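Trainee: Give me a model of this one.
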Amino acid sequence: MSLHEQRIGFLGAGAMATALAGGLLKAGVPRERLAAADPDPGQREALARVLGVAVLERNGDLVARSDVVVLAVKPGVVAGLLAGLGGAGASALARPLWISIAAGIPLARLEAGLPAGARVVRAMPNTPALVQAGATALCANRHAGPGDRAAARALFESVGLAWEAPEEPLLDAVTGLSGSGPAFFFLMLEALAEAGAEQGLPRAVALRLACQTALGAARLALESGREPAELRAQVSSPGGATLAGLARLEARGFRAAIAEAVAAATARSRELGRA
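Mentor: Down below sits the predicted model:
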C-alpha cells in the first residue's frame, strides 16, 4: 500500500506530531486515515483543533487501528510507553510499521520493547519540519522491507527533505549537523541582527534582513546545485566589503568553531544512545 492508503497513528500529540500530520494532510493523505493518542487532554484538544483529526486517550486503541505507528514522544518516555502496550499481545504489536522520532533511542532499544520481528524505522527530523522545511535522516531495521522504508521516506518528505542512511551510527552525525543545526543558525541570526543594529539599523529590520538573507542563501545553494565555495567566490569581489568580512570570520576561527560545534553535538548524541 502507498502511504495514502495506510492508517497512520501518532503516539504523542505535540509539536512534531502536529507538524508531521499536517504535512501528510498537505500531501493528500485523507484526514480520516490519521489519528493521535496522548494522555494530556490539552495536547489532544490542540491537535484536533488545528488539524481536525481523531484523537484518542489510550495508546493501545491507537495501535490497534493503525498500519503505521509514529513514536512522537520524548526519549525518556519510550521504554515505559512500549512496556505499557504489552497487554495488547505480540501479534497486535508486530503488525504495524513502527517509526520513531525519539532522539537518541537506537534501533536495538526500540526492538527490545517490541515483539521479535517488528518492523522499525528510526528517524532524526529537525524542527523546521514545523514549516514543511525539515531535514530528516532515517534508518530501518533488518525486518523492514522496501515498502516500509518507502513509506517512512514519504512521510518525512511531506515536511521537507528525507535521506535514508546506509548505517545507523550515521544518525549521530545527522543529529550533530541538521538536528542541532537550526540552533546554530538561530545563534547566527541573533548575532547578525545584533551586529546590524550596532551599525545603525533598527533591530527589527536587521533581523528581517538577516532571516531573508539566510533563506535566500540556502535556496540559492539548493536550487543552483553549485558548491557553497563557488557561490561564496561569486559574491566576494577583490578588495570588496564581503572579502573584508570573510577575512575577519576566518581570522576568528569561524570554520573551526562550526566544526567543533557539530563534533560536540555528534559526540553527545552517541553518549545519549548508550545511556
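Trainee: From the structure, what's the count of residues near the residue nearest to residue 155 when sequence neighbours are not counted?
Mentor: Excluding its sequence neighbours, the residue lying closest to residue 155 (Cβ to Cβ, 6 or more residues apart in numbering) is residue 3, at 6.2 Å. C-beta here means a position set from N, CA and C on the backbone, and glycine is covered the same way. Neighbourhood size, residue 3 [other Cβ atoms under 10 Å]: 22.
Trainee: can you pull out the helices in the stretch 151-275 of the chain?
Mentor: Under the criterion DSSP state H, counting those that start in this stretch, the stretch 151-275 of the chain contains helices at 170-174, 181-198, 203-224, 228-234, 241-251, 254-274.
Trainee: can you give me how far the second one is from the chain middle?
Mentor: Just to be clear, that refers to helix 181-198. Averaging C-alpha positions (Cα atoms, centre = their mean, to the nearest Å) puts helix 181-198 22 Å from its chain's average.
Trainee: what's the average pLDDT for it?
Mentor: Throughout helix 181-198, pLDDT has a mean value of 98.
Trainee: got the angle for it vs helix 254-274?
Mentor: Going by axes from the mean of the first three to the mean of the last three Cα atoms, to 10 degrees, helix 181-198 is angled at 150 degrees with respect to helix 254-274.
Trainee: Touching helix 181-198 from outside, list them.
Mentor: For helix 181-198, contacts defined as Cβ atoms under 8 Å, 6 or more residues apart in numbering pick out 126-128, 135, 203, 205-207, 209-211, 213-214, 258, 261-262.
Trainee: If we use 10 Å, what do you get?
Mentor: 126-128, 133-135, 174-177, 201-211, 213-214, 218, 245, 254, 257-258, 261-262, 265 (Cβ atoms under 10 Å, 6 or more residues apart in numbering).
Trainee: Ok, the longest one next?
Mentor: Outside helix 203-224, the residues within contact range by Cβ under 10 Å, 6+ apart are 133, 161, 185-186, 188-202, 226-228, 230-232, 234-235.
Trainee: can we see that at 6 Å?
Mentor: 189, 192-193, 196-197, 228 (Cβ atoms under 6 Å, 6 or more residues apart in numbering).
Trainee: repeat for stretch 57-73
Mentor: Residues contacting stretch 57-73 (Cβ under 6 Å, 6+ apart): 6-12, 16-17, 35, 37, 56, 85, 88, 96-102.
Trainee: ok, now with 7 Å
Mentor: 6-12, 14, 16-17, 20, 35, 37, 39, 56, 78, 81, 84-85, 88, 92-93, 96-102, 151 (Cβ atoms under 7 Å, 6 or more residues apart in numbering).
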